[in-house]
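> turn this into a structure:
(2 chains)
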Amino acid sequence: METGNTSRKEFLAALVTTGLAMAGCTSKKNPFLVAGEEVPKATGEMVKLLSVDGEIIEVDRSFLKPVPELPAVTNTEARMGIPGKKFVMVIDLSRCKNLKKCENACNHMHHLHSGLSWLKVYPMQQGEHTAPYWQPTTCMHCDHPPCVKVCPVDATFKRQDGIVLIDADRCVGCRFCMAACPYSIRVFNWEKPDIDEAICEQTYSCETSVPQKKGTVGKCDFCPDMIRKQELPHCVQACPNGTFFFGDLNEDTVTNGAETFRFSELIKDKAGYQLMEDLGTKPSVYFLPPVNRNFPFEKGLEND
Amino acid sequence: MEKTTSASDEKIISDLLPRKYNSKGVVWIAILLAFCAVGLFAYYRQLKYGLIVTNMRDYASWGIYISNFVFFVAISLVGSLITAVLRLSGVHWATPLTRIAEIIAVSAITFAALIIIVDMGRPERFYNLFLYGRLQSPIIWDVVVISTYFFISVLLLYIPLLPDMKILLARKDKDTKRFTKLYKFLGSFWIGNHIQELLSKKAINILCVAIVPVAFSIHTVTSWLFATTFRPGWDSTNFGAYFISGAFLVGAGGVVIAMYVFRKQYDLEKYITDDHFDKMGRILVMLALLYLYFNVNEYLIPFFKMKKPEEAHLMGLFRGEFAPVFWSAIFGGMIIPIFVLVFKKGRKPLPMFIVGIMVVVGAWLKRYLIVTPTLLHPFLPMHNVPAAYTHYFPSWEEWAIAFGSLAGALLVITIFTRIFPILPIHEIITERHEHDSK
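Alright, predicted model coming up:
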């Protein structure tokens, strides 16, 4: 019984690995062989596998190997989004002191080319005599996204849950979306991103936006892969001051991990507003004005 | 319907037949080829390393490739002006200029399409435009109208060529003998009987009517690539008309330059007369005034209101980093040409040639000013980016590719004149006959 169980486990594990390897088949003669790699020596130990036709076949163990991580969702699912959700973000400007933990976490987790940032903290000052403040700025995930309107190939798209994403495998690199975005949040991979080969070889997923590809556009994606795991986006988690709140408009709840608010009440009590909403972009990101600040503006200059 | 060729017709034909390049022509071709070669090498580098070899960055995300694209689309509009607009309005003096205008149009629109592929970060995915094309995107509108314009222009170049190819085949001139196969392939079916003449006349009329809206579309849609965005300097309802008036101006300037060069090179004083220059000069004045009018609208009204996002952009043009280029384009490309050309002496060939060059160079600079300064004045501050991101000056690769594409367009025109008569022989003869019989 004991041995039978182990072999069953092995069989299943092998099935998964080979199955995935088969999914990555190319027209090459030996689909399991990466160019330049040596053919592994047979160990003589055979493993039973279930073929795609439903037949049981035997394969030498040495021919099995782990395959690169594949996206959790298909491209079609990633383009549809999570049903019944409408994601929003609230950024409390009174809590930001330009620590840039958000920016660093985002850069790190999305494996961005060095020097590129999707999330930027701007020093803002509306008028000559108005008070300056720090404004962390993500993609607004507009409900009327100007970038999506102009994309010629549907490489950037709007999902039913409100998130605007990019399919870097389809993007032709015309950069019209960059010209169209009034928030200048889109960045371009002008050269091959200087990231680990292992990351580079991963299959691109619109939900993780990894790996970034030469000649295509990138931007803040609201971390839908984290949302699927019931976790908060990287910037929200990274901020020690709880500046970012993330949540679902339909549930009317936003949280920064430590505190949770009714979205509508928070916006009402703190007079939340949207950035350049006069352009008709209908942003999904709301800002709370920098009143009763936790830090003076000057504090942020140290880190600038 | 076979007409007997009189002695005067013979003279016209032998005057206008394509000729071998002289030494100047060979040097000219060598120079163009050298520019193309450097451009191709630069593009090879761009394909290898990516758009990083350009000096475009996240703010100035479009640069001289796009300016060059707008320039090419603009100059190609002249085909429709000279061939269609003047023909439809019953203007006959422009007949000798139709082929010059049409070859400029075809070669410019071809390079407009090429340069847009050069600008793409992923040119190998060009087919995505057809696989996944979305009709909402102005880029798709541009693809549709530019390809339509290309085909109509090619037809407007080709159909009037048919009778000329018959003449070329009949002549068996030593300079054109080597192209006999090409002429046969392209035009051996043309006998020149009544039905064919009638059909060709009808076809040309239909094409002339069709090309006017398409020509307006190509440049209007090109202006919409900018006007459909929110950015200061682009967010304008004036843009379509502004672009079209500018396009006719630069196109007419281009034709004047070509007229002068061909006339000098091929001794065509009898066919491209001082009168032609005089009339083109009048057209240029009118077009320059029109373009100036739209410029006044485009800059003065936002300047009057001085909205905050517009302010940085306008001040950059009027007296900031772009001021030298801006004022050169306004004065060199519009105001000085107007002052020169309103005088009869200014409409002589040589001053016209110089003015033509000023107009074309001014127009190129203007396209640069339309694209770049706007992108360098975003709504949110440029903050925490490398210093290189806040300015834009093209890299050598960009210059090489831009000049390579300009040289390529000129090369197409030059090679065309070697193979085909640059003035429409048949049409000139017919018009002279009509003129004589009146």
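> got the residues of the stretch 51-200 of chain A near chain B?
Residues of the stretch 51-200 of chain A found near chain B (CB under 8 Å from any CB of the partner chain) are A:115, A:117, A:120-124, A:137, A:146, A:149-155, A:170-176, A:178-180, A:182-184, A:186-192. (C-beta placed from N, C-alpha, C; glycine too.)
> in strands, which of those residues appear?
A:120-124, A:137, A:187-188 (DSSP state E).
> what's the ChimeraX line that selects buried ones from the residues of the stretch 51-200 of chain A next to chain B?
To isolate the buried subset of these in ChimeraX, counting by 16 or more other CB atoms under 10 Å in any protein chain shown, use the following:
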select /A:117,120,121,122,123,124,137,146,149,150,151,152,153,154,155,170,171,172,173,174,175,176,178,179,180,182,183,184,186,187,188,189,190
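> tell me which element residue A:48 is part of?
For residue A:48, the element it lies in under DSSP states H and E is strand A:46-50.
> residues in contact with the very next helix or strand once past that strand: which ones?
Where DSSP H and E defines the elements, the next helix or strand beyond strand A:46-50 is strand A:56-60. Strand A:56-60 has contacts (CB atoms under 8 Å, 6 or more residues apart in numbering or on different chains) with A:14, A:18, A:42-51.
> roughly how far is whichever helix or strand comes after strand A:56-60 from the heart of the chain?
Downstream of strand A:56-60, the first helix or strand assigned by DSSP H and E is helix A:75-80. Here helix A:75-80 is found 14 Å from its chain centre; the criterion is CA atoms, centre = their mean, to the nearest Å.
> which parts of helix A:75-80 are buried?
A:75, A:78-79.
> mind putting the ones in strands among the residues of the stretch 51-200 of chain A next to chain B into TSV with distance to residue B:199 and pLDDT?
TSV is the format used below for these (distance: CB to CB, whole Å; pLDDT from 0 to 100):
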residue	distance to residue B:199	pLDDT
A:120	63	95
A:121	69	96
A:122	65	96
A:123	70	96
A:124	68	96
A:137	63	97
A:187	56	96
A:188	51	96
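> the helix or strand harbouring residue A:105 versus strand A:120-124: what angle between them?
If you go by DSSP H and E, residue A:105 is part of helix A:101-109. For helix A:101-109 against strand A:120-124, the angle by axes from the mean of the first three to the mean of the last three CA atoms, to 10 degrees is 150 degrees.
> chain center to helix A:101-109, what's the gap?
Here helix A:101-109 shows a centroid-to-chain-centroid distance of 12 Å under the convention CA atoms, centre = their mean.
> now do stretch A:99-115
On CA atoms, centre = their mean, the centre of stretch A:99-115 falls 12 Å from the chain's centre.
> and what of stretch A:65-84?
What separates the centre of stretch A:65-84 from the centre of its chain is 12 Å, taken as CA atoms, centre = their mean.
> how about it as CSV, C-alpha atoms only?
Below are the C-alpha coordinates for stretch A:65-84, written out as CSV (Å, rounded to 0.1, in the frame of the first residue of the first chain):
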residue,chain,number,x,y,z
LYS,A,65,12.4,18.0,-16.4
PRO,A,66,10.7,20.9,-14.8
VAL,A,67,9.2,23.4,-17.1
PRO,A,68,9.3,27.2,-16.6
GLU,A,69,6.5,28.7,-14.6
LEU,A,70,3.4,29.2,-16.7
PRO,A,71,0.8,31.9,-16.1
ALA,A,72,-2.0,30.9,-13.7
VAL,A,73,-4.7,32.2,-16.1
THR,A,74,-5.0,32.0,-19.8
ASN,A,75,-4.7,35.1,-22.0
THR,A,76,-8.4,35.0,-22.7
GLU,A,77,-9.2,34.9,-18.9
ALA,A,78,-6.7,37.6,-18.3
ARG,A,79,-8.4,39.8,-20.9
MET,A,80,-11.9,39.2,-19.4
GLY,A,81,-11.0,40.0,-15.8
ILE,A,82,-12.6,38.9,-12.5
PRO,A,83,-16.5,38.9,-12.8
GLY,A,84,-18.5,41.1,-10.4
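> send me stretch B:12-21 as PDB with only the CA atoms.
Provided in PDB are the C-alpha atoms of stretch B:12-21 (Å, rounded to 0.1, in the frame of the first residue of the first chain):
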ATOM      1  CA  ILE B  12       8.600  67.300 -78.600                       C
ATOM      2  CA  ILE B  13       9.200  63.600 -78.400                       C
ATOM      3  CA  SER B  14      12.900  63.800 -78.900                       C
ATOM      4  CA  ASP B  15      13.100  66.700 -76.400                       C
ATOM      5  CA  LEU B  16      11.300  64.800 -73.700                       C
ATOM      6  CA  LEU B  17      12.600  61.200 -74.000                       C
ATOM      7  CA  PRO B  18      14.300  59.900 -70.900                       C
ATOM      8  CA  ARG B  19      18.100  60.300 -71.200                       C
ATOM      9  CA  LYS B  20      21.100  58.700 -69.700                       C
ATOM     10  CA  TYR B  21      22.400  60.400 -66.600                       C
END
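> in it, which residues are buried?
Using 16+ other CB under 10 Å as the burial criterion, the residues of stretch B:12-21 that qualify are B:12-13, B:15-19, B:21.
> next, the buried residues of the helix of greatest length in chain B.
Ranked by number of residues, the top helix in chain B under DSSP state H is helix B:194-227. For helix B:194-227, burial by neighbour count (16+ other CB under 10 Å) applies to B:197, B:200, B:204, B:207-208, B:210-211, B:214-227.
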